[in-house]
Structures are given as structure tokens and as C-alpha cells.
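>>> Quick one, fold the following:
(2 chains)
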Amino acid sequence: MAIDQKVIDKLRKEPGMPDIDLSWLREEDSPGIVAKAGKRGLTLDEINKGVYGEVPEIAKHGTTRSRGSIPRAGVMRTAYFVPEKSDIWADNATLIYEEAVQRQWSSATDIPWETVKPLPDIVEEAICQICTFLTEVEFIAGDAPGQWLKKISPDHYEVALYLISQVMDEARHLDVFRKRALVNGCGLLEAQGATRGLRNVLDSQDFTEMSALMHVLAEGFVQTMFRTGEFIAQNEAEKTIFRLCAQDESRHVGFGVMHLRYVLEHTPERREEIHHYLDRAEQLFGHPTDGGNTGLQEALLITMSGDGKDLDKGAELALALNKKQANEYMHRLEVAGLGDRRERMNPAFGMLLDPPKN
Amino acid sequence: MGQKTDTKPATSLTDGISDALRRKAESKNWPLIIIERALKGGVKEESLHQAMDAGMTPLQARQMLIEERKIELNMAWSKVDTERGNRAKIGKKGLTIDAINIGSYADVPDIWPDQTMRPRGAFVRPGAVSMGYTIYSKAEVWSDNLGELYEEAIQRRWRPATDIPWESISPLPEDRERAIGQICTELCEYNYAVILALGKWVREVSYGYHEVKLFLSTVLFDAGRHYEAFRKRALVNGRGLGVQATGDRFMPIREALCYAEMATVVFMVNDSFVLSLYQLLAALAQNDAEVELFTLAAQDKARHLAYGVDHTRFLIEHQPERRDEIRRYLSKGEEYVAKDRASDTPMREALAIHLGGGVKHIGDGFRRLDDFRHRQLQAYLGRVEAAGLEDHENILWPELAKDL
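Next up is the predicted model:
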């Protein structure tokens, strides 16, 4: 015991001294730790040492108690959390969170907006239609992880921090695409309103369902589109937007893939259940009641054609983008351990797949 | 007579695809959308049968359709009735969220009429489905400084891993190290409680008020960063986390049944006391790391409070009938802050040790703590008054009023 009891006893006798307890100073349950900053500074991985790094398989309390702190009796519960680690965990959550904090950017000052010059009407409208769509879907991509935060136990705080970083990223995406739509004289155009595919993400009742649908499928497709943004972009501002957004989306997809892998490794009995979620999501993606998202498809044809004239070229590039999206989706599933998805993928995507490499 | 006949048509009524063609497409894994497009594009049914029998893949068919069909754009999406002709101006602070609030895009209605995910200013066709939001009232969530606070939050981002000079922290006497560890433990929990609350409420705000969602996203990000940074401080210098918080002050946050209630308890009551605490900790910092850490945290917290004050003022100005209701939320928040203080011996003693400069000077620390509580309360009352609720000291929660 480092604090001398005699000192405490003496203090208690001082005139005017309020009641003092100081038992928490004598508490020996608090293990010592000296975390050392590494090459990337003092990261979460550097402090996840000893008992502080022991992530329980089951979060057993419903309070805000931080992992590793000393429990206090009588604390009321705050929430019902998802108890099982395997239901929400990804081993790369800390790495991705730290990267997200390092790579925040500003849509106000990091985009060379001055490079946006007047464009032919048809091209400007197409860009604005794409931005209307993206502004819209980024709302969902922020709301969906946000609504899961209240279910993440502080015992698994790393996941909560990752989800928060995604909410922040999506807010910035919403904002940057809205800004692009309004900077060059056209404005927002036709919104989808809500699509069944996107509602399906919000409606998810299971974290893994939400993550597979949003991170692996939907954001995977969007990320591939962003990475081919050079074919859509008309100026440096748009290229920068797509590059920075793609960088952010890579983290979200990375979390989703590693979460799926963790789930399949730790609860392999869920494999068929996950296939079932994807069956439904793939089928709803581009569901006829959503009108096939004609606005986005046509806008992509126009921008990919360069000037809105050579639509055949635009169609070719759009098809190449679709193939890339489907193949990268399949690759991510393979990395996650769901390679058998190839055989049961919805034909709308399956027809775009290249033959397996081996 | 009276006998049922098979009246099933050879061609489905819905999509114009015959049953035979549909069966073959399904057996060959051809998406029906390809079949539908091909038929609409003038390809004969017989040709499609032949293509499938010949082993053509659906992708080849799609490519062929592209090659053979002259692409005609519908372009209905470009003819919608949205406002055109505005060019947002790039100002000294770049292209800000306020700078794009031009023309009708700046019209933020008192009641947002749309349950869909339509962005403000965009067109949506009838038939779009609800996204299940619950907040459609501007007064419930709005403040006029949202755009400014959002952009400032992004400009002033900081990184706990690399922006805090952790190496400046040298070993401290155990009592002082454990005191700061206890304080950080409690601050971690407060920030986690905010994360849980905002996680619940951000989703409820409809899209007409996207500035609110954007700003709340930054508050979430700040709260996550504060949780992270205080945990790091507790674990960097030899002792670790202390005793769990009582959780009393989190109860009214958890129990809030409307957004305005949550916002009042978080952004007016608790954040006010927390900002004063961050400022105190910056003033008492024992090394450069703590100076930086608590100064940056206070900078963030000041934004949250700026929203809280302006939001409350906006709400009362636009719905004056809710003035007493807001006062009751304030009272409830105050009650639980007082309760928390009374029952949280480790935090009280940790603050006294920190203020006194060690356990041997804890008596002096308690006297300074009384002074701090007084200043903390004065600052709180000033903010309540700035929000448009004068003379609040007359109805301050009695246990808290003792600090006056």
C-alpha cells in the first residue's frame, strides 16, 4: 500500500476536515500499467495491455463502466448491450479507428473547389445527379452504424469508437457531395426517396446482418465506384473528393470484412444465416420497385463518356465498373471466409464475375 | 360447362416474359432483367432461346445489347423542378456548409414534411417510403450556429495518439497519479454516456435538418476522442483506471423521452459542469501533455455548449410555451448532478487531492474545491441566462444551490 494509513488517520483529525474515506486510494485491485507510445504515437493498441487489453467474450454488465476500472456496487444499468463479443467484434477495429482519426479531412478547405469550372449542361446535371444520390445514401451510411452505438458495451469500446469514426466520415461525405452539387450552378436533382435495399440496412436486427449489408455489399460497391472516380471526375476537385472518400470507405469495408471473418471463425454455425442475409440483400439491390435507379445509371453513362456524347464509351466503362464491383465484392467475401458465395450469388451479380483464379 | 379451363396466358402480364422463356432463363441463371431489356429492345423471343441454348452467358448478352442497341437516355431526372442557377461562393474559410445554404436550399422549414431520405432541396417522386424518423420539428433540434460549429469542429480536429506530448508525463507521487486516474475514469464514463445517448438520437432527426445531424456527428466524434484520450492518460503513467462512476448523473440522459430533454440535460447542464472541470484540469496540469489534453478537450466542449445555449434559446423563442418544461429538464439534470456529487466520494476526494497538490494537503484541496464549485455554478447560471432563462438561481436545485 503506497498511501500510509497513519497519514490518513492524521488527516481525519485535522480541524475543519470533512469526512474523508480515501479507501479508493488503498484499493489494490487497480493494476499498474505504463503504456509506451510507439512509432504511431500512443495508440489504443499500446494501452490495451494487461487486464486493460482483455476483451471479455461476454459483456456482463449494463453500465458505462470502463473496461479495467474497479466496479462500484449499486450502480444502475444504463442499457442492454449486445453481450457477445463475436457478434460485434473485428480485430482491426483499433487500427482502423486510429487511422480514421489521423486521416480526417475538411470538405471546406481540402478540396480544390476553384478547379470546378462551368461544364456542358448535360455533364453538370449528371454530376449533380450522382451527388444527389451519394448525399442521400451517405445519410443511411451514418444513421445505420449510429443506431447501433447504444448497443455496444464499454467492454467492447473499440467497436464503438470505430462506428463513431464511420458516422463522422459519412457526415463529411454527405456534406462534400452536397457542396459539389451546389457549387457550380445546377443544384440537387432527383432523390430516390428511399430504396428497399437501403431500408434493408436500416431495418437490420442483427449487427452482423447490418455490417454484411452495409460494409461489405453496399459500401463495397460505393468504394469501387469511388476508386474509379477518375472516369467520372471532370476536374481536380472531383478527383480529390473521390480519392478521399474512397480512402474513408476502405476503412469501412475493411471493418466489415474483418468482422465477417471473425464471426465465421468464432460462430461457424452462422454461415447459412449470413448467406440468407446476403441472398435477400443482393435481390433487393436494384429491386424493380426502386425503379432501377435510372438517374444514377444514366448519369454515370454521361460522365463516363467524358462529354455526354459518346454514350457507347460510357456504357462500356459503366459495364467495366459493374464487373469490377461484382468481382471485388466476391474477393472481399473470399477474404472473409465466405468463398462459397460464388455459387449462390444473385445472377445479376454472378453474371459479372470472372472465373475463379485457381 | 362450368368446367374450369386453364386461362393462364402464355405471357406473364407483369413483365412480358413468357413462362417458357422465364423457366429457361432461371435454369441458365440469366437475370430476368436482361431478358426484359432485350425484349423491350426488340430482340425476338426465339433469338433469346437460341442464345441460351447456344451457351451464351448473360454477360455476353448484356454486352451484345449494349453494342446493338442505340442508347437512348430517359433524362427525366434532369428535368425535375429543383432550384438552379445558384453558385455557392468559396470564402475565407473555404466552401463551408453555410456557404451552400443559398436560395431555396437555405429554407429550413419549421416542420419538415418529408419522411423519406430526400435531401433538402432535392426532388423525390411520389411513392418513396418512410425512413422512420421521429423528429420533424425544427425548434426541437435547431440552433443558428450549427454550420459554423460543424466546420469549426472539423478544422480543429486533433489526434490523441500524436498531438499530445505523452512523453512529457513523468512519474508522479502515487496519490497524485491515482487522483488524476480517478478523474479520467469518471470522464471516460461521462463521454461514453454521451455516446450512448447521441447514438440513440441522431438517427431520429429527419433529413430536412441535415446540419443538426452533421453537428451531432462531430459531437459523437469528440466524445469518442475524449473517451480515448482520458483512457490513455489513465494508462500511461503507472497506475491505471480507478473506481467506476456512480452513474447518477447519467440517469436523466438515459431517461430523456424527447430530444429537447436530452439536449438540455447533456448540452446545458452536464456539459457546463464538465467544461469548467476541463478548464480546471488544464490549469492544474502537471505536465505539457495534460495542458494540451485538457485545453483541446475544453475547446471541443465549448462547441457543444455553444450549441446547447443557442438551441435552448431558439427553442424558447419559437415555442415559448415550453419555457417551464425546459426549466424542469434543467432541474432534473441539476438534481442528479447534486446526487452524483454527494455519493461519489472517490471523485470528490480525487479532485481535492489534485487541487491541494497531494493527499497531505487534501484539507486545502477541499477548500479550493468549494471555490471551484462556486465558480462552476456561476458559469452554469451565466449560460442558462444566455439561453434566455433569467433568474434561474431562484429555482436552482436546492442541493446544488448550496454552492452559491
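
>>> what about stretch B:51-71, average pLDDT?
Mean per-residue pLDDT for stretch B:51-71: 72.

>>> Below-threshold pLDDT in the chain: ranges please.
Chain wasn't specified; assuming chain A. Applying pLDDT under 70 to chain A picks out residues A:1-2, A:27-31, A:193-194, A:286-292, A:358.

>>> um, chain B though
Segments of chain B classed as low confidence (criterion: pLDDT under 70) are B:1-15, B:41, B:64-69.

>>> give me the residue from it nearest chain A.
Scanning chain B for proximity to chain A using CB to the nearest CB identifies B:A128 as nearest, at 2.2 Å. The way it works is simple: take the backbone N, C-alpha and C, and place the C-beta from them, glycine included.

>>> For the stretch 151-300 of chain A, which segments are assigned as strands?
Counting by DSSP state E, counting those that start in this stretch, residue ranges of the strands within the stretch 151-300 of chain A are A:190-191.

>>> How about the residues of it by chain B?
Proximity of the stretch 151-300 of chain A to chain B (CB under 8 Å from any CB of the partner chain) is limited to residues A:154, A:157, A:160-161, A:164-165, A:167-168, A:170-172, A:174-175, A:178-179, A:182-194, A:196, A:198-199, A:202, A:286, A:288, A:291-292, A:294-295, A:298-299.

>>> counting residues per helix, which one in chain A is longest?
Longest helix in chain A by number of residues, with DSSP state H as the criterion: helix A:236-266.

>>> Can you spell out which helices and strands pack onto that helix?
Judged by 3 or more CB pairs under 8 Å, 6 or more residues apart in numbering or on different chains; DSSP states H and E, the packing partners of helix A:236-266 are helix A:85-88, helix A:93-102, helix A:157-182, helix A:207-211, helix A:219-227, helix A:271-284, helix A:311-336.

>>> mind redoing it with 6 Å?
helix A:93-102, helix A:157-182, helix A:207-211, helix A:219-227, helix A:311-336 (3 or more CB pairs under 6 Å, 6 or more residues apart in numbering or on different chains; DSSP states H and E).

>>> Including mean neighbour count, could these go into JSON lines?
JSON lines is the format used below for the helices and strands packed on helix A:236-266 (neighbours: other CB atoms under 10 Å in any protein chain shown):
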{"stretch": "helix A:93-102", "mean neighbour count": "22"}
{"stretch": "helix A:157-182", "mean neighbour count": "27"}
{"stretch": "helix A:207-211", "mean neighbour count": "23"}
{"stretch": "helix A:219-227", "mean neighbour count": "23"}
{"stretch": "helix A:311-336", "mean neighbour count": "19"}
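
>>> is it true that B:R373 touches B:D403?
Yes - with contact taken as CB atoms under 6 Å, B:R373 and B:D403 are classed as touching, separated by 4.2 Å.

>>> what residues are shared contacts of those two?
In terms of CB atoms under 6 Å, 6 or more residues apart in numbering or on different chains, B:R373 and B:D403 are not both contacted by any residue.

>>> And the residue nearest the centre of chain A, how far from chain B?
Closest residue to the average C-alpha location of chain A: A:H252 at 3.4 Å, with CA atoms, centre = their mean. Using CB to the nearest CB, to the nearest Å, one gets 14 Å for the distance from A:H252 to chain B.

>>> Remind me what the longest helix along chain B packs against, helices and strands.
Using DSSP H, we find that the single longest helix of chain B is helix B:288-318. Here helix B:288-318 touches helix B:146-155, helix B:210-235, helix B:271-283, going by 3+ CB pairs under 6 Å, 6+ apart.

>>> name the helices or strands packed onto the second one?
The criterion is 3+ CB pairs under 6 Å, 6+ apart, and the helices and strands that helix B:210-235 contacts are helix A:157-182, helix B:146-155, helix B:160-163, helix B:174-201, helix B:288-318.

>>> relative to helix B:146-155, how tilted is that helix?
With axes from the mean of the first three to the mean of the last three CA atoms, to 10 degrees as the criterion, the two stretches helix B:210-235 and helix B:146-155 enclose an angle of 40 degrees.

>>> quick one, helix B:210-235 and helix A:157-182 angle?
Using the same axes, to 10 degrees, helix B:210-235 lies at 150 degrees relative to helix A:157-182.

>>> Show me how far helix B:210-235 is from its chain's centre.
Distance of helix B:210-235 from the chain centroid (CA atoms, centre = their mean, to the nearest Å) equals 9 Å.

>>> That helix versus helix A:93-102: what angle between them?
Interaxial angle of helix B:210-235 relative to helix A:93-102 (the same axes, to 10 degrees): 120 degrees.

>>> can you tell me which residues contact A:S23?
Under the criterion of CB under 6 Å, 6+ apart, the contact list for A:S23 is empty.

>>> 10 Å - rerun?
Remark: with contacts taken as CB atoms under 10 Å, 6 or more residues apart in numbering or on different chains, A:S23 is in contact with A:I8, B:V243, B:T345, B:P346, B:E349.

>>> Three-state assignment for the nearest residue to B:T345 once chain neighbours are set aside, please.
By the measure of CB to CB, 6 or more residues apart in numbering or on different chains, the closest residue to B:T345 outside its immediate chain neighbours is A:D21, 4.9 Å from it. Per DSSP: H, G, I helix; E, B strand; the rest coil, the secondary structure class of A:D21 is coil.

>>> on that earlier part again, so which of the helices and strands packed on helix B:288-318 comes closest to A:H259?
With CB to CB, the closest approach to A:H259 among these belongs to helix B:210-235: 18.2 Å.

>>> Next SSE downstream of the closest one?
Toward the C-terminus, helix B:210-235 is succeeded by helix B:251-255 as the next helix or strand (DSSP states H and E).

>>> Okay, buried residues for that next one please.
Residues of helix B:251-255 classed as buried by neighbour count (16 or more other CB atoms under 10 Å in any protein chain shown): B:M251, B:P252, B:I253, B:R254.

>>> A:E57: which of those is nearest?
B:R254 (26.0 Å).

>>> so which two of the contacts of A:S23 are the farthest from each other?
Across the contacts of A:S23, the longest distance by CB to CB is 16.6 Å; it joins A:I8 and B:V243.

>>> out of those two, which sits in the more crowded spot?
B:V243 (24 against 17; other CB atoms under 10 Å in any protein chain shown).

>>> circling back to that earlier point, contacting chain A as well, which ones from the buried residues of helix B:251-255?
Of the entries in those, the ones placed beside chain A under the rule of CB under 10 Å from any CB of the partner chain are B:M251, B:I253, B:R254.
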